[in-house]
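> give me a 3D structure for the following:
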Amino acid sequence: MVRDNSAGTISVGALLYQAESLAQKLSTFTTDSYPPQTVSIARLLKLLADRAYEQLAALESVSVLPVGEQARAMDLGNIVQCLHSYLRYLHASAPLETPPGVQQSITALISTHATAVLGCLASEINVLVRPQWRYSLKYVDILHQFESEADCVLWYALDRTRELEADGVRELVEALWKRSSFQKAGSVPKHIAVLSFPGLDRDDVLLYPLLAHELGHFLDFACEDNQSEATASILESTLPAPREVFAVVLTADDYKRLADTAAICLRELTADLLAARMAGLGYYFAFNEYFKTLDEWPGEGYINSRSGYPTFGLRLKLVWEELTAAAGGTGAIETLLGRLQHWPLDGLPHLTGYLDTSGARAREVELPVEKSVEGTVEQKLEILANNTLSRSIPLIRELARQIIPDSRVAKVPADLDQMVELLEARIPPFQAATRSARKAAGYSAWSFHEFLTAGWIYQLSIGDEREGALEQKRRAIEYRNTCFLLLKAIELQDARETIAAIMTLSGRTDESEKPDTPIPSALHGGVLSGPSIRAALDASDSATRLSICPDFGDGPIEAASRDVHLGHWFRVFKRTSLDRIDLADPASTAKARLSGQGEVFVKGSEEFVLQPGDFVLAISLEYVSLPPGLMAFVEGKSSLGRAGLLVATATQVAPGFKGCIVLELFNAGTVPVILRPAMRVAQLVLVTTNIDVDERWLYSGRFQVQIRP
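Model prediction:
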C-alpha cells in the first residue's frame, strides 16, 4: 500500500489491475474497426500501458516501499489514469463518428500549415479529429503532454534509473516502439494528437472550416518550444503579479481561478486568430453561423460567465479584424467586397450584410480596456481577467501572424465566380468548368479553404434563397446536396496522385492528350466517338456541356467510350436475421439497408478485397453531369470480366443526371479480387438522344447528386 496525503491510500495492486485492463482494451483497436490514425495512437498508448504495468509489477513484489518508490508508484498511477482518458477519446472515434471528410480536411490543413510551423513532414504528424459529444476533454497531444519539464516526473516513473532527461522522451518512445511488433508501421510520429470538434455532423461540410480552430490549438501547444513567443508566455507576462493581486485581498485559490480563466480565454482567442488566417472567409462565415445555434449571442462583457470562454461578440470581432486590411489583417473582406460589386446575384445584400462595417453587430463590440479593480471578490476577478485580455490581445495577434505568416494566409480565390457557378450548376467546385480551362491551368485543383469559401458565398447568396422557395423536406435535401458537392471536392484533393500511383502499379502510362479529329456539327441518335466526347466536355455553352470531374486530360477517353475510375466508397452486405426483403415495400427495403448493409471508405493507398461469390455496391471516382441531349450506358471492362469481376448490372444513366455512378460489383470467380481506388473499373458509353430532352423529362430522382453508393 502507498499512502498519498491528498488522495488517501493507493493500492499498487489496484493500479496494476487498471494498467492490465487498459492494455487489454487497447489491444482491441484494429484497422478493421477503426481509422489508421486511431490504431496508431492505440499502439503508442499500449506501449506506455505495458511499460507502466512492468514497473508496477516490480513495485508490487516489494513488501515495504521506500519513500522514493512510493512517489514513483503514484507517478505510474497518474500515467495509467492519463492513458485511460485518452482511451475514452479512442472509443469515441469509430469511422462513422469521424467521417473521412473530416480527416481529409484536417490533413489538408496540416499539409499546408502544420508542417511548415513544426518543421517536419506530414507523415510525422498524426492527428485524429473526433466529435465532442461524449466527453469534455479538449486538445490533447499525447507526446507533448509529457515533454515539458513540469511533467517530466511522469516519464521518470517509466525509467527505473531515473536518468531520463526531458529531451529523452523521444528516445524512450522510439525505443519502446522498436521493441514492439508495431515497428513495421514505421517510426513513431513526432506529434500524435487528438482534437475534439464540437457540433460535428457527418455531412455538414459547410462547418468544416471550424476544424482550423482545432488545428490552431494544436499549433499553439505544439510549437511552444520552437517559438520565442507563445500563448503560455504571453499569459505569464500579462497576468498581474501575485503581489499585485494579493494587494486587493485575493487568496491563492482566487489567483489560480484568475490564471485559469485567462488561460482558457487566450487559448481560444489564439486559436480563432490562427483559424482566421488558415481558413479565411470560410472560417468567418462558419463561425458566425455555428454560434447562432448556441444562444450565446450577443453575450455581455468579454468573458462568458457560464462557460469561462470569451464571449461570441469579442471572438467574432477579432476574427473579423484579422480578415480586414483596415485593422492590419489579411484584407480578405475588402477583396471580397470588391469582387462582389461585379456579380449579378440577387442574394448579395444578404451576403454583404456579413461583411460591411455597418451590417454586423460584432463590429459594435469594443475591445477590453484596463479598469480599476474594485468591488466584490467576484467582480475583482472579472475585472482582472478583462485587464489581462486587454494587455494580451495585441500580443496574441502578433503571435498568430508569426505562426501563420502573410505568405500562407488564406486568400480569396481568383476564380471564385467560377466556383460559385459550378455549385449553382450542382457540380463539385474541384476544377474549372471546361476542359480547355483545366488544361490552361495545368489541371490544378482549388485548395481546401478556396472551395469552402466558395461554398459559403454560394450558400449565403444563392443557396438560402433556393431553399426558401422549397417545402421543408426539400430544403433539407437542397442543403445536403450543397454539402455533398463540397464533400466530393474534399475527397478529390489527392485524386491525381492516386490515379498516377495506380497507373504506375499497373505498369501503364496515361497519355494526357490525343490527336484532334474533325467531328460533325450535329449528331442525334448515335454513340459518341472519342473526339465527340472531348468536344462535349469542352462545349462553350454550359447547358449542353458534358461535365466529368475530375478530368485530367484525354487519357481515359477511348474510341467510343470514356473510362471511369473506382471511387473510395463501398456498401457491403452483411449477414442478418432478416428472413426476407419485400422490394415493393419502402419500409422493408429501408430496414434492410439499415441493418443489412454498411458503408466502408477505402483510402487511396489501401485496398478492398472482394471475396468469391460476394456482391458489393461501389461508386465511381468521377462525378458526372449529363446535359439534356446525352444519356449513358455503364459497361464493364473486358480485362476485369476475364478475371471474374462483373460490373454494373443496372447500366442506364438518364439525361440530366448529376452525381457519381453506382457500380454493382460481383466476384463470379473462385479467388478473391483486390479492388483499389482510382483503378479503371468501367466505361461510359455516351449516346445522344434523337431530340434534346425537355426539362420536365430530365432526371430528378432521389439519386441526384449522389456521392456514395
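
> could you tell me the end-to-end distance of stretch 627-641?
Using Cα to Cα, to the nearest Å, the end-to-end distance of stretch 627-641 comes to 30 Å.

> average pLDDT across it?
For stretch 627-641, mean pLDDT rounds to 90.

> stretch 690-701 now?
For stretch 690-701, the mean pLDDT works out to 80.

> residues of it that come out buried?
Buried residues in stretch 690-701, counted by 16 or more other Cβ atoms under 10 Å: Asp692, Val693, Leu698, Tyr699. Glycine gets a C-beta too; all of them are placed from N, C-alpha and C.

> measure stretch 111-121 end to end?
8 Å.

> can you list the buried residues in it?
The neighbour-count check on stretch 111-121 (16+ other Cβ under 10 Å) flags Ser111, Thr112, His113, Ala114, Val117, Leu118 as buried.

> next: stretch 49-62.
Using 16+ other Cβ under 10 Å as the test for burial, stretch 49-62 gives Ala49, Asp50, Arg51, Ala52, Tyr53, Gln55, Leu56, Leu59.

> next one: the helix or strand containing the fourth one to chain centre, how far?
In other words, Ala52. In this assignment (DSSP states H and E), Ala52 forms part of helix 36-60. Using Cα atoms, centre = their mean, to the nearest Å, the mean C-alpha position of helix 36-60 is found 28 Å from that of the whole chain.

> now the next helix-or-strand element following it against helix 36-60, angle please.
Using DSSP H and E, the helix or strand that follows helix 36-60 towards the C-terminus is helix 67-91. Helix 67-91 and helix 36-60 are oriented at 160 degrees to each other (axes from the mean of the first three to the mean of the last three Cα atoms, to 10 degrees).

> summarise which helices and strands helix 67-91 is packed against.
strand 2-4, strand 8-10, helix 12-26, helix 36-60, strand 140-141, helix 152-156, strand 191-197 (3 or more Cβ pairs under 8 Å, 6 or more residues apart in numbering; DSSP states H and E).

> in JSON lines: those, plus distance to Ser436.
Shown next, in JSON lines, are those (distance: least, Cβ to Cβ, whole Å):
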{"stretch": "strand 2-4", "distance to Ser436": "73"}
{"stretch": "strand 8-10", "distance to Ser436": "72"}
{"stretch": "helix 12-26", "distance to Ser436": "54"}
{"stretch": "helix 36-60", "distance to Ser436": "39"}
{"stretch": "strand 140-141", "distance to Ser436": "47"}
{"stretch": "helix 152-156", "distance to Ser436": "60"}
{"stretch": "strand 191-197", "distance to Ser436": "40"}
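
> weakest of the ones you listed by average pLDDT?
Mean pLDDT is lowest for strand 2-4 out of the helices and strands packed on helix 67-91, coming in at a mean of 40.

> which segments of this protein make up each domain?
227-410, 435-697 (automatic domain parsing).

> so for the shortest one, mean pLDDT?
In other words, domain 227-410. When pLDDT is averaged over domain 227-410, the result is 82.

> show me the contacts for Ala414.
Taking Cβ atoms under 8 Å, 6 or more residues apart in numbering, we find Ala414 in contact with no residue.

> could you rerun that using 10 Å?
Counting by Cβ atoms under 10 Å, 6 or more residues apart in numbering, Ala414 makes contact with Arg339, Trp446, Glu450.

> from these, which single one is nearest Leu645?
Distance to Leu645, by Cβ to Cβ, is smallest for Trp446 among the contacts of Ala414, at 34.2 Å.

> so is that closest one in a helix, a strand, or just coil?
Under DSSP: H, G, I helix; E, B strand; the rest coil, Trp446 falls in the coil class.

> OK, contacts around it?
Contacts for Trp446 (Cβ under 10 Å, 6+ apart) come out as 413-416, 418-419, 422, 429-432, 452-454, 489, 493.

> Glu321 now?
Contact analysis of Glu321 by Cβ under 10 Å, 6+ apart lists Leu273, Ala276, Ala327, Gly328, Gly329, Ile333, Ala362, Arg363, Leu367, Ile393, Arg397.

> related to what we said a few turns ago, looking at the buried residues of stretch 690-701, which is nearest Thr261?
Using Cβ to Cβ, these come closest to Thr261 at Tyr699, 56.9 Å.

> thinking again about what came up before, quick one: which of the contacts of Glu321 is most hemmed in?
Neighbour counts for the contacts of Glu321 (other Cβ atoms under 10 Å) peak at Ala276, which has 31 neighbours.

> isn't that residue up against Asn288?
No: with contact defined as Cβ atoms under 10 Å, Ala276 and Asn288 do not form a contacting pair (11.8 Å).

> overlap in contacts, the two.
Val319, Trp320.

> how about the helices in the stretch 251-400 of the chain?
Applying DSSP state H, counting those that start in this stretch to the stretch 251-400 of the chain gives helices spanning 252-279, 281-291, 312-322, 332-340, 348-352, 377-403.

> got it, and the stretch 601-709 of the chain?
Counting by DSSP H, counting those that start in this stretch, residue ranges of the helices within the stretch 601-709 of the chain are 638-641.

> could you pull out the strands for it?
Ranges of strands in the stretch 601-709 of the chain, per DSSP state E, counting those that start in this stretch, are 608-610, 615-625, 630-636, 645-647, 652-653, 658-667, 673-675, 680-688.

> Arg496 contacts Ile502, doesn't it?
No: between Arg496 and Ile502 there is no contact under Cβ under 10 Å: 11.1 Å.

> neighbour-wise, which of those two wins?
A count of neighbours by other Cβ under 10 Å puts Ile502 above the other of Arg496 and Ile502, at 19 against 15.

> dump the residue contacts of that one.
Contact partners of Ile502, counting by Cβ under 10 Å, 6+ apart, are Arg508, Asp510, His565, Leu566, Gly604, Arg676, Pro677, Ala678, Met679, Arg680.

> mind running it again at 8 Å?
Counted by Cβ under 8 Å, 6+ apart, Ile502 has contacts His565, Arg676, Pro677, Ala678, Met679.

> what is the nearest of these to Pro189?
Nearest to Pro189 among those, with distances taken as Cβ to Cβ, is Pro677, at 23.8 Å.

> ok, that closest one touching Val600?
No: contact criterion Cβ atoms under 8 Å: Pro677 and Val600 do not qualify, at 11.3 Å.

> what sits against the residue positioned nearest the centre of the chain?
With distances taken as Cα atoms, centre = their mean, Val102 lies nearest the centre of the chain, 2.5 Å away. By Cβ under 8 Å, 6+ apart, Val102 lies in contact with Val129, Phe197, Leu200, Tyr208, Leu211.
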